[in-house]
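Peer 1: no sequence for this one, just the structure:
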């Protein structure tokens, strides 16, 4: 999986929200300010070339659908972030967010509860 630009990620988030659709339907789900139609269409074509989307022709218009799930994308790129920026340590990642006051003690307790619940199974 090839890394995406910020613009490609924004478009892909809109595509995951929409499911199968055309460029206009994806634009409706994008966070303002939305780029011009031609820019979004070009971005969608790039996502297709990179293997993130599949397309089919209906009449004279293309319908696009995600070829990669949001979960698969998150797993791939979060793993890379942890590896590249946090010495392959999720503990370092959590410590970073705690130091920057981006995660609270209550949230950490909730995460610990999720981990403990997962380990019971």
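Peer 2: That came through, no problem. The structure presented is a predicted model; accordingly, all values stated were derived computationally and were not measured.
Peer 1: so how many other residues sit close to residue 27?
Peer 2: Other residues near residue 27 come to 20 when the count uses other Cβ atoms under 10 Å. Where you see a C-beta, it was placed from the backbone N, CA and C, and this is true even at glycine.
Peer 1: Just the element for it, please.
Peer 2: Here residue 27 sits within helix 23-29, counting by DSSP states H and E.
Peer 1: chain center to that helix: distance?
Peer 2: Relative to its chain's centre, helix 23-29 lies at 17 Å (Cα atoms, centre = their mean, to the nearest Å).
Peer 1: And stretch 67-78, by the same measure?
Peer 2: How far stretch 67-78 lies from its chain's middle: 7 Å, per Cα atoms, centre = their mean.
Peer 1: So what are the structural domains in the chain, by residue number?
Peer 2: 6-66, 70-120 (automatic domain parsing).
Peer 1: can you tell me the distance between the two ends of the first one?
Peer 2: Terminal residues of domain 6-66 are spaced 17 Å apart (Cα to Cα, to the nearest Å).
Peer 1: and it, average pLDDT?
Peer 2: In this model, domain 6-66 has a mean pLDDT of 96.
Peer 1: Likewise for the shortest one?
Peer 2: If you average the pLDDT over domain 70-120, you get 89.
Peer 1: What's the end-to-end length of it?
Peer 2: Note: domain 70-120 ends 26 Å apart using Cα to Cα.
Peer 1: At which residues are the helices of this structure located?
Peer 2: Using DSSP state H, the helices of the chain run over 6-18, 23-29, 37-49, 70-85, 90-99, 105-120.
Peer 1: The fourth one - contacts with which helices or strands?
Peer 2: Looking back up the chat, that one is helix 70-85. Helix 70-85 is packed against helix 90-99, with contacts defined by 3 or more Cβ pairs under 8 Å, 6 or more residues apart in numbering; DSSP states H and E.
Peer 1: Done for today, thanks.
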